[in-house]
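*Asks:* what follows is a predicted protein model with its sequence.
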Amino acid sequence: MNRGTTSYAVSPTQTNPNAYNFFPSRVFPNPAIPNIFINPGTVNFTNPPQINATAFLNLGNFGVQTILPYDFQNTLYFTNRGTMIGAPGFRFDYTDDFGVRRPAYNFVNEAPGTIACLEANQYSGYSNVFFQTMMQIRATNILSPGYLQVGNAGTLRLEGQNVNLTRGGLEVQPVIGSPVANVYFELTDSEPTPDAFYGDNAIYDLYWGAGLQQIPIPGPINTANILRFFGADLLASAPTHQVLSGPNWTIGYAGFSTFVPGTYMTAIGNTGIVAFTGLTLTNFDGSISNIIVPTNIFRQAVVVGVSDTNFTVRTKFGPPGPAGMGLGIVAVEIASGTTNVAQGAPETSALYFVDYLGYDTNTLVVTNLGPWVPTGRPYAYEIYRELPNFESLGANGNSPLFNTFLYHRSFSNVFATNLYAGYAASIDNVASRPPVVPGSTTTNTPGRIEIQADTLDLTKTRIRGITMVEIKTAHLKSSDGAVVDVENLIYDVGSTNGLLTMRNLARESAHAVRGELQAWTGIWSNQFALVLSNWFIDANTNYFNPVTNPVDINLYCLILSADLLSRTQQVITHTLTLNSTNVVVDDPYLVSDKMQINAEGLTVNGQIALTNAIPDWTYAMTPKLRFLTNNGTIRPWNVGYYGADFPEGRRLERFINSGTLEAVGHEIACDYFEDSGVVQNDNDLRLFANTAIFQGSYHAVGGGAHYFGQDYKLRNHRVVADRGLFINATNSFADAGAGSNNSFELLDGFHLIRKPRFGDLLGTFIQTRAPRFVSVAHTWAAEDRGASVSGFTDNMAIGRLRLESLPAGELRLGPPVDGMGLPVSGKFGLYVDYIEFSTNLVAGGPTVAEDPEAYIVIEPGLTVYFAASNLSAEDLDGRFNGRLRWVKDFAGPGSGVDVALRTGRTVRVNIGLVDSRQIDSDGDGLVNAFDIYPFDDVLITDFEITSVNPYQTRISWRAAAQTEYFVERAADLKAADWSIIATMTNPLPDVQILTVTDVIEQNNGAAGGGQQYYRVRYEP
């Protein structure tokens, strides 16, 4: 047993394997192999030995540095309770004497144990790691509540039957600064100025240039246009300048602008005096003043543009350099803070841009030796990932920028020929990203974590990858409290207990600073005159002689655009394979390559979205699906086929949507559909359902909304459809009546393909509009029951219909059509409780309300019946060649009003009847519009007994025009049921006397002294 810190010889002190309680009892395969290697102290090997032992136990610090990941031999049990550091990594598995690799028995990394892999043997340039870090753990049982880490370009792989990572941390390190970043070399001559350098990790030169602004192309710069303020906002524009790019250093031109809002001002200035002189001036009172005035000043402007205000920007101005212009080093920090989820600690990703052009005015371009094909960068520029001495580089700016900071009308020149430096760089978050070649996938990229297990427990596990996290397991026990922070995911996850919950395994975005930086620096000079009052009278001119002091001004501007630099990246799930009887998805998943959900029940509480690589949600993705519940968002890139493309005879059994469905089109087929959420379509929505319930739902349809099936129930349902509404329900299509608050807003008409057996839409508002120059068809297959109240019951009667049109538009209302588009023969009726003719102004013509016939056509075969309107019902009745009729006897939710009778009780009557100037409902000689009590009781004019054997009576009353009356008889005034003995109608347009004769048989009791009572009533 190893007890030393440098010795690695192993001599077992116990031969009984059961003496070690940290691995299970079993017979070792080779008794000649030492039982255990224990490291209780600190071991650092640069030329490590081969550990050949059945068990490995680290209690202290174990460090190795090798060319390839450190390997063990014949080791079945690994236990770490301390710290293990390997450069470039470790392989934990079982390797026999013949080099055959198999899984070890147990791997245990106890908390707070740490196993870390360091990047070593790194190429002395940028972003080229010959030996990337790797940690491979392959064992039957893996238990790691501790911490596992690999370098930015590394791979962390765990493979086992039972993998328990509860409370553990797995991390791929973020990209760090190179120790040789911005180290310079002299390659071509012996001059003190170098001509080559090494760049920092994952920073790639895109173009570069420096020198004197070229004449005539691109020409001098207009200094008045570099900084332009719009209120508090600033637009900074880098003039066109010459640059080099590509492997051949091809000449080109660049220029860019960046916008800095006043609400997040990331621009600052720095000013000062380079030289001054003393002057003696005579004051107004004759006294003398000695003053000091500048003869040379400088102004430095630094503008940093960021598209994400979560970036923080700091600028430092260094002291003046040897160039004698007063200008010094400028350093800019662009930083983004986040949380390292694996360590549970704050973390900052920063870039430091340092500009020396003002300090020494060196306009050389140096060669970057880091990439395989050398690129360039202005010698004046440096970019760092880490700059510990940033705070000591200088002071904060001392002046805000303003509109005349770089140019004022008093300056001598507006155009200048300047020194400049121009540069653009690509910033990556991966130190070694392989080139994009055909067939390459994200699984090939370094910076990934792979977990493969039969049974996996991720309770409270913290996983932080850089490029990819891949998890494959037949049974995920739990992911409660877990967190996964990475850009790309591959999941093949199942559960053997019938319920798989995908929770805490994906985010919408991951923190990763990546993108482009653009920089331009310009230095030029200008002059202006400083005129000072001097009350000294010149003896020669006898005038006061003011003093004019010329001032040279050295101007500097750095424009640094990080507008194309992002701090977060969209998380993409390349493969999402889920296997269980029931699957619950709580996380957001944007799936790009493959989705396969083998489940009978799927509940989405988070989000599932598809990219254009797999645009449609199809049966092949969910071949076993029977029950679909969406409480979150489901968004295929193109069409969502939910049950509609199932094999013949199959469809979804139940689909419940309380979230959002988004797609170009939806094809839904199910036995039961319940919607209280949102369905958004660019094109058509086609729903086939035996039973559909819309409760508080919203369908935004760019095409047509098609509702097919048997039974539909609607309440608080809104439809906005650009290509019309189509209803084809066989049994019922109904709202809940008044108060249902349904709303259909249509641009291309509505169509009732067939009349269902039951149902009306009296609680529904339909608005249809004809676009300009367009004739919009509407077809309706309800029954024509005449101008009768019966037409409003189980006849698809509409509560409120608004008819609108733009100029030269047309609304055509007609009967249903056949498959050839020809009208179906027969008589059909469209019953509307309240019909509204739009009063919206129509340019160049009357409104729909002013001239309905100019915009509306009611075709033969259809009659529109209405109970009330915003126009006079009596005026509308009979128009459109008799195909628009008023049903005055119907008092519906929108057409009825409660009217008080003289007796104190109220009756509900048609509002048009109340306002009628033609009808006298109670026959009292006053038309309803001018009658305080237009629906008084009937005025009986005569009643007599005309015979006693048998008894015969005669009753007469004043009958209103075109009103139906009921003559009833009962033996008791309080009787609940009165017998109707006659029904009569006055068909004339004026009041007349109607008379009814009644014969009372002896068995009715009248002959024996019994009484009979009569009454005459009508329905207002």
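*Replies:* Right, received. Where do you want to start?

*Asks:* contacts only, for the spatially most central residue of the chain.
*Replies:* A centroid search over the chain (C-alpha atoms, centre = their mean) returns residue 508, at 9.2 Å, as the residue closest to the centre. Applying C-beta atoms under 8 Å, 6 or more residues apart in numbering to residue 508 gives the contacts 570-571, 588, 607. Backbone N, C-alpha and C define where each C-beta goes, glycine included.

*Asks:* and with 6 Å instead?
*Replies:* residue 588 (C-beta atoms under 6 Å, 6 or more residues apart in numbering).

*Asks:* list the buried residues of stretch 593-607.
*Replies:* Neighbour-count burial for stretch 593-607, counted by 16 or more other C-beta atoms under 10 Å, picks out 595, 597-599, 601-607.

*Asks:* dump the residue contacts of residue 929.
*Replies:* 915-917.

*Asks:* just residue 908 next, same as before
*Replies:* 891, 896, 898.

*Asks:* also residue 772?
*Replies:* 806-809.

*Asks:* just put those residues in CSV and tack on pLDDT and neighbour count.
*Replies:* Shown next, in CSV, are those (pLDDT from 0 to 100; neighbours: other C-beta atoms under 10 Å):
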residue, pLDDT, neighbour count
806, 91, 16
807, 90, 13
808, 90, 17
809, 93, 19
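
*Asks:* narrow the buried residues of stretch 593-607 to those in strands?
*Replies:* The strands, defined by DSSP state E, take in 595, 597-598, 601-604, 607 from the buried residues of stretch 593-607.

*Asks:* ok, back up a step: and of the buried residues of stretch 593-607, the nearest to residue 885?
*Replies:* Nearest to residue 885, judged by C-beta to C-beta, of these is residue 604 at 49.8 Å.

*Asks:* can you tell me which two in the ones in strands among the buried residues of stretch 593-607 are farthest apart?
*Replies:* Largest pairwise distance in these, by C-beta to C-beta, is 20.0 Å, between 598 and 607.

*Asks:* and the contacts of the one helix or strand residue 281 maps to?
*Replies:* Assigned by DSSP states H and E, residue 281 falls within strand 267-282. Strand 267-282 has contacts (C-beta under 6 Å, 6+ apart) with 234, 260, 289-303, 315, 317, 326, 397-399, 401, 405, 534-536, 547.

*Asks:* what residues does residue 978 make contact with?
*Replies:* 968, 970.

*Asks:* and with 7 Å instead?
*Replies:* By C-beta atoms under 7 Å, 6 or more residues apart in numbering, the contact list for residue 978 reads 968-970, 1015.

*Asks:* what does residue 223 give?
*Replies:* 406-407, 414, 416, 524.

*Asks:* what do you get for residue 414?
*Replies:* Contacts of residue 414 (C-beta under 7 Å, 6+ apart): 222-224, 407.

*Asks:* in JSON lines: those residues, plus pLDDT, distance to residue 625 and secondary structure.
*Replies:* Output for the contacts of residue 414, formatted as JSON lines (pLDDT from 0 to 100; distance: C-beta to C-beta, whole Å; DSSP: H, G, I helix; E, B strand; the rest coil):
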{"residue": "222", "pLDDT": "95", "distance to residue 625": "65", "secondary structure": "strand"}
{"residue": "223", "pLDDT": "95", "distance to residue 625": "67", "secondary structure": "helix"}
{"residue": "224", "pLDDT": "96", "distance to residue 625": "66", "secondary structure": "helix"}
{"residue": "407", "pLDDT": "95", "distance to residue 625": "68", "secondary structure": "coil"}
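
*Asks:* ok, how many other residues are close to the closest residue in space to residue 723 that isn't next to it in sequence?
*Replies:* Take residue 723 and drop its neighbours on the chain: the residue closest to it by C-beta to C-beta, 6 or more residues apart in numbering is residue 704, 4.0 Å away. Neighbour count of residue 704, defined by other C-beta atoms under 10 Å: 20.

*Asks:* so that it lines up with my notes, have the first residue be 22 from now on.
*Replies:* That works, and once the first residue is 22, the last one we named lands at residue 725.

*Asks:* ok, which stretches of this protein are helices?
*Replies:* Assigned by DSSP state H, the helices in the chain fall at 378-381, 894-897, 900-903, 932-935.

*Asks:* how about those helices in CSV, adding distance to residue 834?
*Replies:* Below are the helices of the chain laid out as CSV (distance: least, C-beta to C-beta, whole Å):
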stretch, distance to residue 834
helix 378-381, 76
helix 894-897, 14
helix 900-903, 9
helix 932-935, 20
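
*Asks:* once you drop chain neighbours, what's closest to residue 945?
*Replies:* residue 957 (6.2 Å).

*Asks:* residue 944 versus that neighbour, what's the distance?
*Replies:* 9 Å (C-beta to C-beta, to the nearest Å).

*Asks:* which of those two has more neighbours?
*Replies:* residue 944 (23 against 16).

*Asks:* brilliant, that's me finished.
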